[in-house]
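In: Have a look at this prediction, sequence included:
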Amino acid sequence: MQMSSAEARQNMAEIMNGTEDVVLTQRGKPRKAVISFEDYEAFKRMKSEQELSFIFERHGDVIEALSDR
């Protein structure tokens, strides 16, 4: 579902009680997304895992050398 920020202010109870994700627009352009807290936590976990994976890919040899000390 998409709605403008003005519509969101008028329908906050509907947004909070609903189960659907909402894209908030400003001047017709997507600006923010309202998602469930469970989806937000899953996103944060996934992002952290990707960041750790990147660090280990890039610096795994240094991390391994330091851990062997």
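Out: That came in fine, so what should we check first?

In: Strands along the chain, start to end?
Out: For the chain, strands defined by DSSP state E occupy the ranges 2-4, 22-26, 29-34.

In: Save these as TSV, and put in mean pLDDT too.
Out: Conversion of the strands of the chain to TSV gives the following (pLDDT from 0 to 100):
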stretch	mean pLDDT
strand 2-4	95
strand 22-26	96
strand 29-34	96
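
In: Distance from the chain centre to stretch 39-48, please.
Out: Going by C-alpha atoms, centre = their mean, to the nearest Å, the spacing between the C-alpha centre of stretch 39-48 and its chain's C-alpha centre is 6 Å.

In: can you list contacts of it?
Out: Among residues not part of stretch 39-48, those counted as contacts by C-beta atoms under 8 Å, 6 or more residues apart in numbering are 21, 35. Where you see a C-beta, it was placed from the backbone N, CA and C, and this is true even at glycine.

In: As TSV, the strands of the chain with mean neighbour count and distance to residue 45 would be great.
Out: Conversion of these to TSV gives the following (neighbours: other C-beta atoms under 10 Å; distance: least, C-beta to C-beta, whole Å):
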stretch	mean neighbour count	distance to residue 45
strand 2-4	14	27
strand 22-26	16	22
strand 29-34	11	17
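
In: Could you dump the ones you listed into CSV and include distance to residue 62?
Out: Rendered in CSV, the data for these read as follows (distance: least, C-beta to C-beta, whole Å):
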stretch, distance to residue 62
strand 2-4, 46
strand 22-26, 41
strand 29-34, 37
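
In: Domain map for this protein?
Out: 1-34, 36-69 (automatic domain parsing).

In: Deepest-packed of these, please.
Out: Mean neighbour counts were compared across the domains of the chain using mean count of other C-beta atoms under 10 Å; the top stretch is domain 1-34, at a mean of 12.

In: closest to residue 16 out of the strands of the chain?
Out: Closest to residue 16 of the strands of the chain, according to C-beta to C-beta: strand 29-34, at 8.6 Å.

In: That closest one packs against which elements?
Out: In this structure, strand 29-34 makes packing contacts with strand 22-26, judged by 3 or more C-beta pairs under 8 Å, 6 or more residues apart in numbering; DSSP states H and E.
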